[in-house]
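# What shape does this take:
(one chain, ligands or ions: 2)
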Amino acid sequence: TRIVVHKDGPRGNHFRRAGPRQRVYFEPDEVHACIVTCGGLCPGLNTVIREIVCGLSDMYGVTKILGIQGGYRGFYARNTIDLTPKSVNDIHKRGGTILGSSRGGHDTMKIVDSIQYRGINQVYVIGGDGSQRGAGVIFEEVRKRGLKVAVAGIPKTIDNDIPVIDKSFGFDSAVEEAQRAINAAHVEAGSADNGIGLVKLMGRYSGFIAHYATLASRDVDCCLIPESPFYLEGEGGLFKYIEKRLKENGHMVIVVAEGAGQKLIAENMKEMGQDASGNALLLDVGLWLSQKINEHFKKNKTTINLKYIDPTYMIRAIPSNASDNVYCTLLAHSVVHGAMAGYTGFTVGQVNGRHCYIPFYRITEKQNKVSITDRMWARLLSSTNQPSFLSKQDVDDAKVEDERTAKLLDGSPSNPKVEDKVASSNSNGVK
Ligand SMILES: Nc1ncnc2c1ncn2[C@@H]1O[C@H](COP(=O)(O)OP(=O)(O)O)[C@@H](O)[C@H]1O
Ligand SMILES: O=P(O)(O)OC[C@H]1O[C@](O)(COP(=O)(O)O)[C@@H](O)[C@@H]1O
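Ligands and ions are numbered 1, 2, ... in the order given. Below you'll find the predicted structure:
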């Protein structure tokens, strides 16, 4: 593969096989870095900002570090702030991002104009797949203009939907915080006759948070995720399963990822459109499911007590936990070492336990999804005892998709030539 591995430290850096080939070397005193956070929030953003600033400053003596406010549009529409180890000292204890974030507003020309105008020569982008695509476009424009500017990414996704890397920072914190909502749902459901606790968790296209929060909790009777279609009526459907659990246990807990059942809901309601970045706006599966379950039991003249909990933004807004703080620190130091070693056009990430530099396009060509033919999902099914809701056709389709994904991630890159072209464009100190 074209993934590259490095050892910590500027001198110890070594790259195996073909890595990002463009080199942009800097002396520490000529570095003028900037940091931007884009897309949705995620626990750990402030820790990454803090550790990039401290890494640049403490390890390399860099003094000029700017914070770009309010996401990509901040490059051309907002003022910048100076970041120093002192000013970021305590920020990892807070959720969100001290820089602010936004969706949309990626105007490549204006952004690169601003980079040029401000004399910035290292750009650190903390963001999800959309942001990494945006960073890739900035990298291309910088290259076209022959600027001596390094562009590097740190992948952020609470949904854990970025492929190639082992997991994203903030994911563990989100799963941990989700336990509080699940516990509350369990207590409420257990204290009522025919109590049903329904918890909605984040996960637009990938249900990892719901999956791992369910496995961790053991109080969940049913977990619904976008990757596994489900149905309500008839044998093997959700209603029959709820009836069975209430009969056996008197109460139950359901966890639903926000992207689950979207096709099913869309059959009943009109679609919602897109956000400023072009991401599909979702129909609220939690409210819809609550209504459907209530209607079903009313029709059957059975009294139930359904409590719906939506902790999604509360989870996303927490600071990262201890293990995510360590992970954020490693990622931040890794990206700083990469840029200071002269690399550009890459994202950092842990792959099979090793810290790697990954070309932008490698992590944006596919989304990481829960594999419903994998052992982890089987473990969940056996821990909840829920029906799989899957037909043989669904399983076959999922297997084909898994194979396609494996081939895509292990095979040759679909955009292999960008860096080869880059490698031969030596101008303005770009080697
Ligand atoms: N294909 C793209 N090209 C350039 N910029 C993009 C692209 N996709 C998204 N972006 C920009 O990246 C930023 C974050 O994207 P978004 O999808 O909202 O969040 P995330 O990075 O978390 O996936 C936005 O400012 C958006 O305009
Ligand atoms: O309401 P917002 O800010 O648009 O964010 C909602 C979305 O953000 C997420 O938390 C993460 O999405 P991104 O990776 O695109 O930032 C999704 O789970 C969720 O659907």
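# Please count neighbours and contacts with C-alpha atoms only from this point.
Fine.
# Could you list the residues in contact with the host helix or strand of Y361?
Taking DSSP states H and E as the definition, Y361 sits inside helix 360-364. With CA atoms under 8 Å, 6 or more residues apart in numbering as the test, helix 360-364 has contacts from 129-130, 132-133, 135-136, 153, 162-164, 345-347, 409, 413, 415.
# State the pLDDT value of the closest residue to ligand 1 within the stretch 201-350 of the chain.
In the stretch 201-350 of the chain, the residue that lies nearest ligand 1 is S277 (4.6 Å; CA to the nearest ligand atom). Confidence at S277, expressed as pLDDT, is 85.
# Pretty sure it sits against R103.
Yes: with contacts counted by CA atoms under 8 Å, S277 reaches R103, the gap being 5.2 Å.
# Between the two, tell me which one has more neighbours.
Counted by other CA atoms under 10 Å, S277 and R103 do not tie: R103 has more neighbours, with 19 against 14.
# which residues touch that one?
C38, G39, G40, G71, D275, A276, S277.
# Pick out the residue closest to the middle of this protein.
T157 (1.3 Å; CA atoms, centre = their mean).
# Go ahead and confirm it touches G130.
No: contact status for T157 versus G130: not in contact, 10.2 Å apart, counting by CA under 8 Å.
# residues contacting I120?
I120 touches V31, H32, A33, C34, V149, counting by CA under 8 Å, 6+ apart.
# let's see it at 6 Å
H32, A33 (CA atoms under 6 Å, 6 or more residues apart in numbering).
# From ligand 2, how far off is it?
From I120 across to ligand 2, the span is 25 Å (CA to the nearest ligand atom, to the nearest Å).
# How about the secondary structure of K200?
strand (DSSP: H, G, I helix; E, B strand; the rest coil).
# Mind pulling the model confidence for it?
pLDDT at K200 comes out at 98.
# which residues touch it?
So K200 contacts V255, V256, A257, G286, D310 (CA under 6 Å, 6+ apart).
# switch the cut-off to 8 Å
V255, V256, A257, E258, V285, G286, Y308, I309, D310, P311, T312.
# From the residues you listed, pick the one nearest ligand 2.
Distances from ligand 2 to the contacts of K200, taken by CA to the nearest ligand atom, are shortest for E258, at 7.0 Å.
# Quick one: neighbours of that closest one, just the number.
The number of residues near E258, taken as other CA under 10 Å, comes to 27.
# How about the one 3 residues further on?
Counted with other CA under 10 Å, residues neighbouring G261 total 23.
# List phi and psi for it.
Torsion angles at G261 (phi, psi; degrees, to the nearest 10) stand at phi 60, psi 20.
# From the contacts of helix 360-364, list the buried ones, please.
129-130, 132-133, 135-136, 153, 162-164, 345-347, 409 (16 or more other CA atoms under 10 Å).
# just to revisit the earlier point, contacting ligand 1 as well, which ones from the contacts of helix 360-364?
With CA under 6 Å from any ligand atom as the criterion, these include D129, G130, R133 near ligand 1.
# Now the first one. Nearest residue, chain neighbours left out?
In this case it means D129. Nearest residue to D129, sequence neighbours excluded (CA to CA, 6 or more residues apart in numbering): T364, at 5.6 Å.
# The one you found and H355: what is the separation?
Distance, T364 to H355, using CA to CA, to the nearest Å: 18 Å.
# Could you pull out the buried residues of the helix or strand hosting K247?
K247 belongs to helix 238-249 when assigned by DSSP H and E. Applying a neighbour-count criterion of 16+ other CA under 10 Å, one finds L238, F239, Y241, I242, E243, R245, L246 buried in helix 238-249.
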